[in-house]
Each structure stands twice: as C-alpha cells, then as structure tokens.
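Trainee: turn this into a model:
(chains A and B)
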Amino acid sequence: MMDAGRHPRIELLVNSEVDDITGFVGNYRATVRRRAEYVDAGECTSCGDCEDVCPVVVPDEYQQGLSSRRAIYLPFPQAVPSSYYLDAENCLGFNPIACGKCKEVCDKKCIDFDVRDTILDLEVGSVIVATGMEPWDPRPYDEYGYTRFDNVVTAMEFERLICAGGPSEGELVRLSDRRVPERVGFIQCVGSRSPNRGVPYCSNICCMATIKQTLQIAEHYPDSQQKVFYIDIRSFGKGFEDMYRRSREEGVDYIRGLPGSVERDPQTGELVVEVENTLSGRREQHRLDMLVLATALVPRKFSRNGDGKRSIDEILSLSHTSDGFVMEAHPKLKPVDAPTRGVYFAGCVESPKDIKESVTQAGAAAMRAGNLLGAGQVRIEAITAELVADLCAECKICAAVCPFNAIVEANKKTGLLPDFIEAACAGCGTCAAECPFDAIVMRHFEDAQITAQIDGILADNPMEKIVAFACNWCSYAGGDNAGTSRLQYPPAIRLIRTMCSGRVDQRFIWHAFEQGAPMVLVSGCHFSDCHYIDAVTWTQRRVEKVWTQMEKLGIRPERLQLEWISAAEGQKFARVMRELDEMLRSVTDEEVAETVKILGKKKLSEPKKVLGPAAAVNVASDAGATVSPPPA
Amino acid sequence: MSDETLRIGVFVCDCGHNIAAIVDTEEVARFAAELPDVATVVRNRYTCADPGQQEIQKAIAEHRLNRVVIASCTPKIHEPTFRSCVAEAGLNPYLMEMANIREHCSWVHMKDREGATAKAKDLVRAAVGRAARLKAQDEKTFPVTDAALVIGGGVAGIQAALELADGGHQVYLVEKGPSIGGIMSALDKTFPTMDCSI
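Mentor: Here you go, the predicted structure:
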C-alpha cells in the first residue's frame, strides 16, 4: 500500500469514480470524478485535533460497525494516503452556524468547506478492472440467528474482533457481555453452494479463512473449545492441507453437517446449535458462546442512486457468467482479458479468490496491459465503414445512428457528404444497415458477402433450415458456449456471424425470405452488454419494422424471431434453438411459396435508388423507415 | 483482384475425433470439391497444428489459391492463427474465411450424424460463397497511449498498478473510498502464512 502511495509513476486518485470511458484499445479516454476532499491531504499531518472536537458519532465501516468514528476521521491507522477524511454526508460543518469546530481547531488550516468535485480527463492505453467483490448479507439465513443474537457474527466481524487494531484491541469478546467466549463455533457455506437462497457456487476461500481463524483462536486462547460445522472442507492450495491438519491437531472439532437451527438459551444465554452429524448419522446439540458465519463472497453490487450513473460493468459493456462475476475472453487461454481489447481483470471481480491468487492474477493483468503499452502501437482489424459518395443521398441517417459519433454530418471540404472518421469507427455496421441507398460499405461484412452466405445456406432443402444472424460478441459466442458445454439441440439452425446485430440490414431478412427461408432469427447482445454502446437498439427497431411490414403483407411475423443471448448463455442458446425448431415445424410449404411470391413482386431486398434531394429529405424525416420499392 | 480467376482452397478439419466422430468430414470434403471456384480440398486431422498449417501454405503455393476456407472450430479461437498462416504464404489475411463445424455443429448435434453432416456442408457452402466475395484489407495501426487506468484499490488493483509502474508505465489508480487497501486491509492475519495483511 505504501509503495503504491509513493510510487513516482502512480497517480493515486482516492474518493474517485469513473464516470465514462470511451475510445478503443490503446486509446481510451476516461472521465474520472474526484469527489471534493475537504481536508488537504498534502497539508494534513494526521494530528487528530479535528477528530477530538467533532461532535458527530457514526458507525465505523472499517470496524464493520462494531465501533464508532467521527465525521472527520482517519479511515484506518495505515490508510494511504495518510490523511484525515471529512465525511460530507454526516458532517454538520456545511452549515457554518451548526458547526465548523474542526476548521477552527486545525493549526495547518487544511480544512476547506468550499471545495468542489473535480473532473479529470485521462488518456490511457489500457484499463484494468479490479473492483473486487463483497461479502454476502447473511440475513436471509435467519435460522443461524444473525439478526437475533449479538453473539452470532460474520467472518469479517470476527477479523476486526481478533485484530489488535480492532474495536476490542485484539481481545476476542462476545458482543453481548464483552467476555471472552470459551466455546466458539463456525458455520461454513453460509450463502455459498445454496442455489435457492444464496449463490450456487463455492466461494473458494471460506474454508481456509475459517481454518486460519481457528488457529488464531488456538494461539490467543489455548484453552478454548472450537467447533466447525461444514459440508466438506476444501483445503486445496499449497500449504493449505497442512494448516487444516494443524487446526485438527489443536483440537478443533470438525463436524460434518450444517446446523438446522440456532437458538439462545434464555437462562444461560448460550447459543444452542442443532445439527445432524452426517458422519455419525446422529442429531446433535452443541452449546456455544459465540458463532462465526463464513459468508459467501458475491459480485459487488454497484449502488445506483437513481441519478442515471452507470457502473463500470455498464460503462465497459462487461458480460457476466451465470454466477454474476465478469466474464473473461476465454476461461482457459485468456483468463485475465475482457472480451474488449485492452481491458483486463485482476482480483475478485472475476471470481472469489484468496490474496495469493489475486496477486498472481494482478501480475498477469499488468503483464497483458504492459505488453500492449510497451508495443507503442496497436493494429486494428480492418472492419470499418466506408462511404460510396456516388450513392449517397445526404440523408444523414448514418450520422444519426452511429453510436461512436464516427460519422460527422457534413464535411466542409467535400460539401454535404458525411465524413467517416476511421479511427473512431468501431465496426458495428449499423450505418450500413440503416442506409437506405446502400451507400455505405462495411468492410469485411459487405452486403454481397452476407447475401452469399444466405444463398449458400438456402441453396437446397430450404424448408429444413433456419437462417440466423448472430453478433460476434454475444450470441455467436453463446453458440460457442453451448458447443463447449456439449448442449445438444436440433441441427436446423445456420448461423451467420456479423460483428454486431446492428449490421443486420432488413434487406438481408427479406432476402432470406425471398429465397424460401421458413424462419429467420436475429440475435444479439442484451442491451446492457452491447459492445457498440446502443447499436442493438437499432436492431430492435429494425426488426419491429420488418414485423409490421410482414403483417401488412400477410406473412406471419412469428417467422422472424429476435433473441438476446449473451456469451455466457449457452443454456439459453440451446433452449432457443430447440424452441425455434418447434416453430419451424409449424411453417408449411404453401406458406413459404406464398411468401416467395409476395416478396418476388415487392423487391424489398433491393436498395432504394437516389431520387434527388426531395426523396432524401423524405427519408431523413423518418430514420430507418421501411424502404418502399423503387419506381420501375 | 477482381480480374483474377477465383481459386478457393477448402480445408476440412477432423479435429481428431472432435469433428470427425460426428460429422462425415470425407463427405464434406467431397461436397466442397464440387462447389464453384474451389480449386482444391484438403482434409486434415488437426488443421491448427503445424503440419496442418503447412498443408495450407503448400496448397496456396501449389494451386495459386487466392481464397482460403477453413472448416474447423470457432473463429474466436483460431481466426488469428489462420490469418497469420495465410499471410505467411503471401495471401491477404482477410481472404481467409472459417466455417464453424465444431462448436456450432459436431459438439451440439452429437446424436445426429446425418443432420450434422448436412449442416456442415451448408456452412462450408456459405463460407465458400462468402470467401468468393471477400476483399483484401489493410489493417491500420494506431499509436498507443502509454498509461493505464486501474479501477479499484484493493490488493489486486494495488499489485497491478505497482507492476505496471515498475515496468515504466504511467498508472492512474482510482479508488472509490478515502484509502486504498480494500477488503484485505480489514483482515487480521492471512492464510497460509499467518502474517499481517497490511
């Protein structure tokens, strides 16, 4: 911590949050909001005079609420930066009539109530997400008595009680009478491995944390009795099994079975634990003075204050695995990479892990980022949009839909034509899909290339096939996930990959139906996962327009399906494929023949021709409007 | 390139038993050979392995291939591998196309050999059609800003920041709270060494 605080190349931004990140690999721009710091950290000598006069008393978060602090305080003795902090939410000094005592007493004059938040614009090549996890709230497991009995504490509360810097100065006391407990019990898997009420996964570190805690008690209080209630002990790391053995040798009683209930004996105040010992097959009762709950570790829930503030996960469009932790680019080969290039993960944001593993992963993430930064330059895939000036009708729809503002409405140099900024283009293809005049070429995902895939799929036996469009990041990867997990589904589906579902031009859908496709699927990321900010909203609007038109033309809209499937949702992918296969059976040969006939006349799969400025204005007034057939 | 006659090479991968145990790869290869503009078809046990890649490079030279289609696994794993492979043989990497006959086919239709084979053929035909229309592309390079943003000042964030800074890079370490240290700073002793957490 100290090293990080004084490193010449680390700028420490505490009390700060990331408001936004834009750009692309190697060239990100982050907007960081640094909350007003009313104590000048550079001047503060941590003398503590301010704290002595502060009249406000609130629970101390660092001590898990087991003791109190003032509204101006040192977060903890070893805090970095080592400066007093003024908690603006609880301080009374913002009303000079009410208080201001700390300011009066501060010799260094380093308290100022008039400072404001500062906004920093940072240019960075890489981003490491290390936002961590949080302990699970054990209140839903009330049979363990956490809300009812003072002497039932969480593992984190235990850490503060046994710590010399804690509220009891390292004396392990029970909260009801501040006496040292003679008999301490630990309950494992509180919330972990509990799909119904907690989380389904193993939280990875709690067995070892409990074993460590039993050894601490054995060291401090050799005469104490300890009991650990567990499902099975997972001590799988280097040196871990030795620790487990030591704990047993110290006399800690390991009882296989999770308690059914915890009650308090009203006479003695003891905690009475009922448990079925699954090794002996007997129901047992244990009388204890204190109980420690080894709570699960869960993904951090970002507080949303209704002010529209987005979490880091949303800002970076991070996907999540079914456990709620962020999803890596590849679980084995790219374990610290986010799917977005230049973004890496370190620590418990990816999954619960111990300190050694966090440090190891942080090193790996730093190396991945360092490789990128050290290379000095980055090669970007040549998947960007390009304007065909001759076909452009200057309707400006492209500029309106581009999520990256890569298309500037009018270019003074070339007249009215939109200007495409290649470095800003992320390659979603929404502009190409929305352009009614086919005046935008999406490199490597051109109309002709995608149409050729549709034709290749439908060349024979079209009635047996479902033409599906899947975005590279989520739905296509969701299909890969189903494959890796060997989830079985019927083989009717034929996937066409585009970078974003925003690329799926309605003309592709019409073309597929024209060629006799009984069913078409458009699939993309969930709205919060879209890798192209909000391109997926255009996908939805477009599909809705096609549905409306299908209805008008007498084509069953159900034959076009829209699904949001994330990269982690292999299960959902397989389920959707099974459902589509069911629907496919309801489509008749006559129905498809009729569709082919209707669409043969309408020519909906052809682009609109440039008709002159009047037509352009007409289209611009209704961005993404369904294209009517061109005059003969 | 547009004046040049198309000469597409199709490489069908067995992936050991991963594909070949379900999809009749020989049948797929025979089918591919009949597709328009296909100049050669090669079946491989492991196309991504060195001998498999050498086969591709050899075929590019021998048949003067100007497009390559590889029917194997998901492009999300080996697209970079095969792009480099064809580039080494002098072909623009964007003239290579993959058909995913493993994750999207053999692994998900394990009990339907016929259906899986028919699907694999379609995916290859679609890929060949697409390949015929692919265009060479030049990748652009952009300069990199030599600085990193580390979000979160717990043990992982601190460690990552230190490693990067020690490596000579500028680091911005952003922490929501008033001090770095995270959850680790609230622990007493830590396993397995039983030493202080701070």
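Trainee: and the residue of chain B found nearest chain A, what does it touch?
Mentor: Chain A sits closest to residue B:156 of chain B, with a gap of 2.5 Å, by CB to the nearest CB. The C-beta positions use only the backbone N, C-alpha and C, and glycine is treated the same way. Residues near residue B:156 by CB atoms under 8 Å, 6 or more residues apart in numbering or on different chains: A:130, A:132, A:346-349, A:358-359, A:361-362, A:365.
Trainee: looks to me like it is in a strand.
Mentor: No - Residue B:156: not assigned to a strand; according to DSSP: H, G, I helix; E, B strand; the rest coil it is helix.
Trainee: can you check the pLDDT for it?
Mentor: Per-residue pLDDT puts residue B:156 at 97.
Trainee: how close does it sit to residue B:168?
Mentor: Distance from residue B:156 to residue B:168, counting by CB to CB, to the nearest Å: 21 Å.
Trainee: shaky segments in the stretch 501-632 of chain A?
Mentor: Judged by pLDDT under 70, the stretch 501-632 of chain A has its weakly predicted residues at A:609-632.
Trainee: which stretches of it form strands?
Mentor: Taking DSSP state E, counting those that start in this stretch, the strands of the stretch 501-632 of chain A run over residues A:519-524, A:560-564.
Trainee: how about the stretch 251-400 of chain A?
Mentor: Assigned by DSSP E, counting those that start in this stretch, the strands in the stretch 251-400 of chain A fall at A:253-256, A:261-264, A:271-277, A:282-288, A:290-295, A:297-299, A:343-345, A:377-380, A:385-387.
Trainee: now those strands as JSON lines including mean neighbour count?
Mentor: Shown next, in JSON lines, are the strands of the stretch 251-400 of chain A (neighbours: other CB atoms under 10 Å in any protein chain shown):
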{"stretch": "strand A:253-256", "mean neighbour count": "17"}
{"stretch": "strand A:261-264", "mean neighbour count": "18"}
{"stretch": "strand A:271-277", "mean neighbour count": "18"}
{"stretch": "strand A:282-288", "mean neighbour count": "15"}
{"stretch": "strand A:290-295", "mean neighbour count": "28"}
{"stretch": "strand A:297-299", "mean neighbour count": "24"}
{"stretch": "strand A:343-345", "mean neighbour count": "29"}
{"stretch": "strand A:377-380", "mean neighbour count": "16"}
{"stretch": "strand A:385-387", "mean neighbour count": "20"}
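Trainee: which one of those lies nearest to residue A:490?
Mentor: Among the strands of the stretch 251-400 of chain A, the nearest to residue A:490 by CB to CB is strand A:297-299 (34.4 Å).
Trainee: quickly run through the sheet partners of the closest one, with directions.
Mentor: strand A:133-135 (antiparallel) (DSSP bridges).
Trainee: so what's the closest residue to chain B within the stretch 201-350 of chain A scoring on pLDDT?
Mentor: The nearest approach of the stretch 201-350 of chain A to chain B comes at residue A:347, 2.5 Å away (CB to the nearest CB). If you check residue A:347, the pLDDT there is 97.
Trainee: what's the burial count for it?
Mentor: Residues within reach of residue A:347, counting by other CB atoms under 10 Å in any protein chain shown, total 33.
Trainee: ditto for residue A:197
Mentor: Count around residue A:197 with other CB under 10 Å applied: 8.
Trainee: run through the residues that contact the residue lying closest to it once chain neighbours are set aside.
Mentor: Residue nearest to residue A:197 in three dimensions, not counting chain neighbours: residue A:140, with 5.4 Å by CB to CB, 6 or more residues apart in numbering or on different chains. By CB under 8 Å, 6+ apart, the contact set of residue A:140 is A:191, A:197-198.
Trainee: distance check, residue B:188 against residue A:134.
Mentor: Where residue A:134 is concerned, residue B:188 sits at a distance of 19 Å (CB to CB).
Trainee: which one of these two has more residues nearby?
Mentor: Taking other CB under 10 Å, residue B:188 and residue A:134 do not tie; residue B:188 has more neighbours (21 against 16).
Trainee: burial count for the nearest residue to that one once chain neighbours are set aside?
Mentor: Leaving aside its chain neighbours, residue B:188 sits nearest to residue A:163 (3.9 Å; criterion: CB to CB, 6+ apart). Neighbours of residue A:163 under the rule other CB under 10 Å: 21.
Trainee: could you do residue A:195 as well?
Mentor: For residue A:195, the count of nearby residues is 8 (other CB under 10 Å).
Trainee: how far away is it from residue A:189?
Mentor: Distance from residue A:195 to residue A:189, by CB to CB: 12 Å.
Trainee: near chain B, which residues of the stretch 301-450 of chain A?
Mentor: Residues of the stretch 301-450 of chain A lying close to chain B by CB under 8 Å from any CB of the partner chain are A:312, A:330, A:333, A:344, A:346-349, A:354-355, A:358-359, A:361-363, A:365-367, A:369-370, A:372-382, A:422-423, A:443-444, A:446, A:448-450.
Trainee: in chain A, which helix or strand is least confident?
Mentor: helix A:613-620 (a mean of 42; mean pLDDT, DSSP states H and E).
Trainee: isn't residue B:13 right up against residue B:47?
Mentor: Yes - look at residue B:13 against residue B:47 with CB atoms under 8 Å: they come within range, at 3.9 Å.
Trainee: so for those two, which residue has more residues nearby?
Mentor: Set residue B:13 next to residue B:47 and count neighbours by other CB under 10 Å: residue B:13 wins out with 29 against 26.
Trainee: distance check, the more buried one against residue B:139.
Mentor: Distance from residue B:13 to residue B:139, by CB to CB: 26 Å.
Trainee: wait, what's in contact with residue 36?
Mentor: Reading this off chain A. Shown in contact with residue A:36 (CB under 8 Å, 6+ apart): A:88, A:115-118.
Trainee: that was the other one, I meant chain B.
Mentor: Counting by CB under 8 Å, 6+ apart, residue B:36 touches B:128, B:132.
Trainee: longest single helix anywhere in chain A?
Mentor: As assigned by DSSP state H, the longest helix anywhere in chain A is helix A:355-375.
Trainee: run through who's touching that one.
Mentor: Looking at what lies outside helix A:355-375 - CB under 8 Å, 6+ apart - the contacts are A:25-26, A:125-126, A:128, A:130, A:237, A:335-337, A:342, A:344-348, A:350, A:353, A:378, B:144-148, B:154-161, B:163-164, B:167, B:169, B:184, B:190, B:197.
Trainee: what number of residues lie near residue 96?
Mentor: Going with chain A. When neighbours are defined as other CB under 10 Å, residue A:96 has 10 of them.
Trainee: not quite, I wanted chain B
Mentor: Residues within reach of residue B:96, counting by other CB under 10 Å, total 24.
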